[in-house]
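Whatever this is, show me its structure:
(2 chains)
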Amino acid sequence: MPDGALPTATAATDTAASVREQRADRPLYAGRIKVYPKKIGGLYRRLKWGVLALCLGLYYTVPWLRWDRGPNAPDQAILLDLPGARGYFFGVEIWPQEIYFLAGLMIFGALALFLVSSLFGRLWCGYACPQTVWTDLFLWVERQLEGDRNARIRLDQQPWSWARLAGKGAKHAAWLIIAAATGGAWVMYYVDAPTATRALLTGAASAELYFFVGLFTLTTYVLAGWAREQVCTYMCPWPRFQAAMFDEQTLTVTYRAWRGEPRGKHKAGDGWLGRGDCVDCRQCVMVCPTGIDIRDGQQMECINCALCVDACNGVMDKVGRPRGLIAFDTLLGGTAAQPRTSTLASRFLRPRVLVYAAMLAAVGSILLAAFALRTTVEVSVLRDRSPVFVTLSDGSIRNGYTFKILNKTREAHRYGLDIGGIPGATVSVVGADGVTPIGETVMLEARPDTVATFRLYVSAPRGALGAESTPLSFHLTDLVSGSTADHRSVFLAPKR
Amino acid sequence: MPTKIEKDAITGKQTTGHDWDGVKELDTPLPKWWLYVFYATIIWSIGYYVFYPSWPSLSSHVPGVLGYSARTDIVRDLREQAEQRAPYVTRIRAASLEQIRSDPQLLGFAIAGGRSAFADNCAACHGSGGAGTKGFPSLADDDWLWGGDLEAIHATIRTGIRSAHPDSRLSLMPRFGLDGMLAAAQISDVAEYVLSLSATGTDKAAASRAAPLYAENCAACHGDKGEGNAELGAPNLADKIWLYGGDKPSVVQTIAVSRNGVMPAWTDRLDEATIKMLTVYVHSLGGGR
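Predicted coordinates for the structure are as follows:
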């Protein structure tokens, strides 16, 4: 694009034809133009294989890791036990009450994505996104069975024959097997993997389990086999707003127009004076998994996988020109009139990067701190709303509280509860005998791995209450482990 | 509606004709499969006509192949629920109130059932959680007109207070003013005396004047020291809890025209198991003895 030129709309032929007539010959819906990515080797392709192997390796093996938690607890290292309402992550056991850890992780992940995107573009899209990983795997299978780009195009143009049907059938069978393994591995994160695998294979698993395996088999098969790049272009919201994280210092896969243009065919022996390095071989287009031409500049469809970089580098080696006509470069570097290099400071010390990094660090520290301070006992106090307070016959005021102890250990524990804030008040526990004056410890007990609920009545003489609302503190000590938990509530009384 | 088709110079694609401060939008056609998804949803919707109730007829409707009905569902759900509860309900019916209270399983069931029955039948007057209000006693405090142990609460719920039930709790405080039994000045003095029982009175002279009047007219039911009598439903006058207000005008009005609140008998309206669960629930509200 020439400097300063903006896309402008120009009037089409100014004939007497109405809009309806003009539109009539134009389809409302566009047929899919199938993409046949060509095989390519190179640094980024090897990187992509490496990430793929790592991601798939983790995905399929993690549910099989074991972790001994003693009797009456699952021994799967990572397990999201939905019926039991527990999340197991190695030595950590997350309760539904602690779902904020999950929310925190999600926020952390989103911010990390923002930071990486503002620095290095869509690395997630090109390398680690499940859509990319499985599409890559399915393409590899397709290539093994049907050959490379040209062979596949030829095959699709042939009339239907038994040979073609057999070939296509083999491909879809292979896809379905991978898809089933994918769907099967997904459910292993929610149920015990060895038990579920045995049950699934022997037909003894529940209908729900088969349903979810089937569902994820279907989505994998359709999204990675059929939909492919259309997921990124039409379905995924991320490409639509990732531009908000980009600026002219963001690294993206870039065609260096200043070096490549004017492009044109080049015969061996011709000189390179007065022309660009691009020999218009279209290798970059052929290898592109989303079927775009990177030389058109930054595009929403580009997932930053850099396979075109591999392709172009190979061509540059052949024609004897330096590598890097297409490379990871900044928008500034790609559109500059001559070669320019960014300093590290200008690359990294940008407000955008610093803000994302600061937010990431803040969320990370909060998560770490919350996790480090996590205890095996938690309390919650719910003050009765109806009645707000009760006047007793001797004129003293009583408030009711629902007091809950979350015992996150695997043993029954005894706890001491100290309530403070109103001298002269007394506490009674529903179901237990006796009344404890404030200042003395109330003994409570909670069974293993449960929430124990108690009803507490606190009564205070009218004279001990200054205002309508008096702060009341609940301090619980685990008598076995020594952990403590605190909660603040109030004691309400009628107006004087 | 745009009046002429425009083509974008760079992409060669048509624009929508909309113009936002010089920014124009390309009119990019939707992918075909998107259209097919739309058709698929239409085909899917046909399933609803076939399987679910759809077309109305004059008297009813086409039931659909599955014969689905939300009414049948709720009837089934209610029946299933009743079946699940049946064993507990049977045990509650057989058990004594004290047995229910000492069995944690039955107690939990009774309190849960009692809570919902209370919300349906009792909370309109007594307030949620038995908070009470003027004229409707609090069930959460430790003061009971007709007794606060399980048996007493059970009897009160069953037969009501001043209700049409033959065994109803019944007591009638005379209308001392309206029926001319006491003069206005005497009523004022008696009110002072009553207030002095809970140490809230201000006029000691009036109170001592009314001592003989109290002994003569009130002590038979309310007791010599105003301690009340649950046998007769006579409220304790010496505590800090007032059903109709503890200020002097309220007490004067109570003496002059009497109050005599009414509670219906529930034995005809609720089954025995529900009444027992209500009893246990009310007993658990904080004042049970």
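
residues in contact with stretch A:478-488?
A:375-381, A:409, A:411, A:413-416, A:471-477 (CB atoms under 8 Å, 6 or more residues apart in numbering or on different chains). Quick note: C-beta positions are derived from backbone N, CA and C, even for glycine.

Show the buried residues in the residues you listed.
The neighbour-count test (16 or more other CB atoms under 10 Å in any protein chain shown) applied to those identifies A:376-381, A:409, A:413, A:415, A:472, A:474-477 as buried.

if we can go back for a sec, can you list which of the contacts of stretch A:478-488 are found in strands?
In this view, these that belong to strands under DSSP state E are A:377-381, A:413-416, A:471-477.

ok, for B:A215, nearest residue in space, not its chain neighbours?
By the measure of CB to CB, 6 or more residues apart in numbering or on different chains, the closest residue to B:A215 outside its immediate chain neighbours is B:D224, 7.3 Å from it.

how is the chain carved up into domains?
All of this refers to chain A. A:43-241, A:249-342, A:377-492 (automatic domain parsing).

sorry, should have said chain B
B:84-167+B:266-283, B:184-257.

Please convert those to a markdown table, extending it with mean neighbour count and mean pLDDT.
Shown next, in a markdown table, are these (neighbours: other CB atoms under 10 Å in any protein chain shown; pLDDT from 0 to 100):
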| stretch | mean neighbour count | mean pLDDT |
| --- | --- | --- |
| domain B:84-167+B:266-283 | 18 | 94 |
| domain B:184-257 | 17 | 93 |
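
Show me which residues of chain B are close to chain A?
Counting by CB under 8 Å from any CB of the partner chain, chain B comes close to chain A at B:1-11, B:14-15, B:24, B:28-35, B:127-132, B:138, B:140-143, B:236, B:239-241, B:284, B:286-287.

Apply 7 Å and report the result again.
B:2-10, B:14-15, B:24, B:29-33, B:35, B:127-129, B:131, B:138, B:140-143, B:236, B:239-241, B:284, B:286 (CB under 7 Å from any CB of the partner chain).

Which residue does the stretch 101-250 of chain A have closest to chain B?
Among all residues of the stretch 101-250 of chain A, A:Y234 sits closest to chain B, at 6.1 Å; criterion: CB to the nearest CB.

which residues does that residue contact?
By CB atoms under 7 Å, 6 or more residues apart in numbering or on different chains, A:Y234 lies in contact with B:P31.

circling back: worst average pLDDT in the domains of chain A?
Least confidently modelled of the domains of chain A is domain A:249-342, at a mean of 87 by mean pLDDT.

ok now that domain, how far from the chain's centre?
Offset of domain A:249-342 from its chain centre (CA atoms, centre = their mean, to the nearest Å): 32 Å.

Can you tell me the closest non-neighbouring residue to A:V353?
A:S118 (5.5 Å).

My read is that the one you found contacts A:Q249, right?
No - using CB atoms under 7 Å, A:S118 is not in contact with A:Q249, being 8.5 Å away.

More neighbours: which of those two?
With neighbours defined as other CB atoms under 10 Å in any protein chain shown, A:S118 and A:Q249 compare such that A:S118 has more, 22 against 19.

Over to that one: give its phi and psi.
A:S118 adopts backbone torsions of phi -70, psi -20, taken as degrees, to the nearest 10.

Report the contact partners of it.
A:245-246, A:250, A:352-353, A:356.

of the residues you listed, buried ones?
Neighbour-count burial (16+ other CB under 10 Å) applied to the contacts of A:S118 gives A:245-246, A:250, A:352-353, A:356.

possible to save these as a markdown table with distance to A:D449 and secondary structure?
What follows is those, written out as a markdown table (distance: CB to CB, whole Å; DSSP: H, G, I helix; E, B strand; the rest coil):
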| residue | distance to A:D449 | secondary structure |
| --- | --- | --- |
| A:M245 | 43 | helix |
| A:F246 | 48 | coil |
| A:T250 | 48 | coil |
| A:R352 | 46 | helix |
| A:V353 | 44 | helix |
| A:Y356 | 39 | helix |
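
Relative to chain A, which residue of the stretch 1-150 of chain B is the closest?
For the stretch 1-150 of chain B, CB to the nearest CB, closest residue to chain A: B:A131, 3.4 Å.

What segments of the stretch 151-300 of chain A are strands?
Under the criterion DSSP state E, counting those that start in this stretch, strands of the stretch 151-300 of chain A are mapped to A:251-255.

how about the residues of it near chain B?
Counting by CB under 7 Å from any CB, the stretch 151-300 of chain A sits next to chain B at A:230, A:234.

which residues of the stretch 151-300 of chain A fall in helices?
For the stretch 151-300 of chain A, the helices defined by DSSP state H, counting those that start in this stretch occupy A:162-187, A:193-202, A:207-220, A:229-230, A:238-241, A:257-260, A:283-287.

Enumerate the positions of the first one that are buried.
It refers to helix A:162-187. Quick answer for helix A:162-187 (16+ other CB under 10 Å): A:168, A:171-172, A:174-175, A:178-187.

before we move on, what about the last one?
Of all the residues in helix A:283-287, those buried under the rule 16+ other CB under 10 Å are A:283-287.

what's downstream of it, the next helix or strand?
helix A:307-319 (DSSP states H and E).

On the C-terminal side of that following helix, identify the next helix or strand.
Note on helix A:307-319: by DSSP H and E, the next helix or strand toward the C-terminus is strand A:326-330.

ok, residues contacting that following strand?
In contact with strand A:326-330 (CB under 7 Å, 6+ apart) are residues A:248-251, A:253-256, A:284, A:294, A:306, A:308-309, A:312, A:342.
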